[in-house]
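In: Pasting the sequence and the predicted coordinates here, then a few questions.
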Amino acid sequence: MKRAHQLQPLSRQHHLGLNLGYHAKECADNPQDIAKHWQALSDYMHNMRHHFSIEDNLIVKSLAPHQTTDPQVAAVLTTMAQQHQALNQLMAQIQAVQDANSSAITVSQIKEFANLIYDHVRFEERELFPMVEQYLTEDELNAIYEASPDNIKHLDEQR
């Protein structure tokens, strides 16, 4: 299924998250691999702050009125909020450990983080975005596109 063009920039960011998560789930238990995957995952999450803001503000605001008529909308919005919170909490916990130098980041932390990212992206692509395409107006979709960073838009889709 082809994604609405207004959501394609966000889907491109999701694609990167799937790739990073997939590879990090296979992280070897050695300091070099752990450091490499931690750097990639933490950079990804840092770059996703604006992406999360678009989802947490524009998408939630646009879907919220439909929660009363469609319980699936309420469930999807709740799941998305819980997953965003879990990702941010785990990132903060791992970062705190690293900043305190109390212990090294473990391979299990990398794999947990990778699984959260991977599962979250799959959820949004399979459940959230189809719902967005179903319920949002053209103007609401255009607002999402306009809010998306220019560096993830293809030249041929910039208007």
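Out: Structure received.

In: From the contact counts, what lies against the lowest-mean-pLDDT helix or strand in the chain?
Out: Confidence across the helices and strands of the chain bottoms out at helix 71-100, with a mean of 90, counting by mean pLDDT, DSSP states H and E. Contact partners of helix 71-100 among helices and strands, from 3 or more C-beta pairs under 8 Å, 6 or more residues apart in numbering; DSSP states H and E: helix 31-47, helix 60-63, helix 107-123, helix 129-135. (Glycine included, C-beta is placed from N, CA and C.)

In: With distance to residue 97, mean neighbour count and mean pLDDT added, can I get the ones you listed in TSV?
Out: Putting those into TSV (distance: least, C-beta to C-beta, whole Å; neighbours: other C-beta atoms under 10 Å; pLDDT from 0 to 100) gives the following:
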stretch	distance to residue 97	mean neighbour count	mean pLDDT
helix 31-47	11	16	92
helix 60-63	31	16	97
helix 107-123	8	19	95
helix 129-135	33	17	98
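
In: circling back to that earlier point, got the buried residues for the least confident helix or strand of the chain?
Out: Residues of helix 71-100 classed as buried: 73, 76-77, 80, 83-84, 87, 90-91, 94, 98 (neighbour count, 16 or more other C-beta atoms under 10 Å).

In: out of the residues you listed, who's nearest residue 22?
Out: residue 87 (16.2 Å; C-beta to C-beta).

In: I'd say that closest one and residue 118 touch.
Out: No - in this structure, residue 87 is not within contact of residue 118 by C-beta atoms under 8 Å, at 11.0 Å.

In: Contacts for stretch 13-30, please.
Out: Contacts of stretch 13-30 with the rest of the structure, by C-beta atoms under 8 Å, 6 or more residues apart in numbering, involve 33-34, 37, 40-41, 44, 47-48, 51, 107, 110-111, 113-115, 117-118, 120-122, 124-125, 152.

In: Could you give the separation of that stretch from the chain centroid?
Out: Using C-alpha atoms, centre = their mean, to the nearest Å, we find the averaged C-alpha position of stretch 13-30 to lie 13 Å away from the chain's own average C-alpha position.

In: Also stretch 6-16?
Out: Taking C-alpha atoms, centre = their mean, one finds stretch 6-16 lying 9 Å from the centre of the chain it belongs to.
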